[in-house]
Structure formats: structure tokens, C-alpha cells
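[1] 3D, please:
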Amino acid sequence: MNTENPVEQGMDAAVRDAAAKKGLTAVTLAAQKPDNLKSAIEDFGQAPGGGLIIIPGIATNGAMAVIVDLAARLRLPAVYPY
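    Next up, the predicted model:
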């Protein structure tokens with residue numbers, strides 16, 4: 001998510017709250033631009049037991065093909081906004 005966008009901050013807070021209620025920990029991957037997205041997901045995908053919840057925004061909307069490809073390649077379960 002773009003951590004500088006107030007709308008995305010609100011969605012991130014909702015994800016964190018829902019995760020906490022289920023005893024899970026949500027980790028925010030900061031990507032202000034689509035260019036930062038690939039490395040953020042690749043780094044995150046190295047640890048076992050993760051999954052992706054994609055928040056719609058400037059960094060993600062134009063990069064869905066990249067995100068889907070990375071999720072498949074890294075075998076990360078993923079939930080997409082659209």
C-alpha cells in the first residue's frame with residue numbers, strides 16, 4: 001500500500017483490526033509507487049506462512065498483472081480488490 005495515502009491508511013487499519021481479531025498479524029508492505037511493489041512482495045514472499053491482501057490504490061491498481069504473477073510464482077495466497 002501507499003503508506004502516505006489516507007484512504008489506504010484506513011483500509012490498512014481495517015485489515016489489521018480484522019487480523020488481530022483472528023489472532024493473526026498483518027504486515028504492511030509499503031510501496032508508494034508501482035516500482036517499489038515487486039521488491040516488497042519478493043522480500044515478503046521469502047518467509048513461510050504469508051499471504052497477500054491487496055489494497056486498491058496508486059501503487060497496486062496499475063500493477064495487478066505483476067502482483068498476480070508474483071503471488072503465483074511465490075505461491076502466496078492472495079485476495080484482490082477487483
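
[2] so how far is residue 6 from residue 78?
    24 Å (C-beta to C-beta, to the nearest Å). Backbone N, C-alpha and C define where each C-beta goes, glycine included.

[3] check residue 82 too.
    For residue 82 relative to residue 6 (C-beta to C-beta), the value is 21 Å.

[4] tell me which helix or strand of the protein sits lowest on mean pLDDT?
    In the chain, the helix or strand scored least confidently by mean pLDDT, DSSP states H and E is helix 58-61, which has a mean of 84.

[5] that one: which residues count as buried?
    58-60 (16 or more other C-beta atoms under 10 Å).

[6] repeat for stretch 39-47
    Buried, per 16+ other C-beta under 10 Å, within stretch 39-47: 40-41, 44-45.

[7] what pLDDT does the residue nearest to residue 79 when sequence neighbours are not counted get?
    The shortest distance from residue 79 to any non-neighbouring residue, by C-beta to C-beta, 6 or more residues apart in numbering, is to residue 53 (5.0 Å). pLDDT recorded at residue 53 is 94.

[8] could I get the phi/psi values of residue 78?
    With angles defined as degrees, to the nearest 10, residue 78 sits at phi -150, psi 150.

[9] who has more neighbours out of residue 78 and residue 6?
    More neighbours surround residue 78 than the other of residue 78 and residue 6, with 15 against 7 (other C-beta atoms under 10 Å).

[10] alright, calling it a day.
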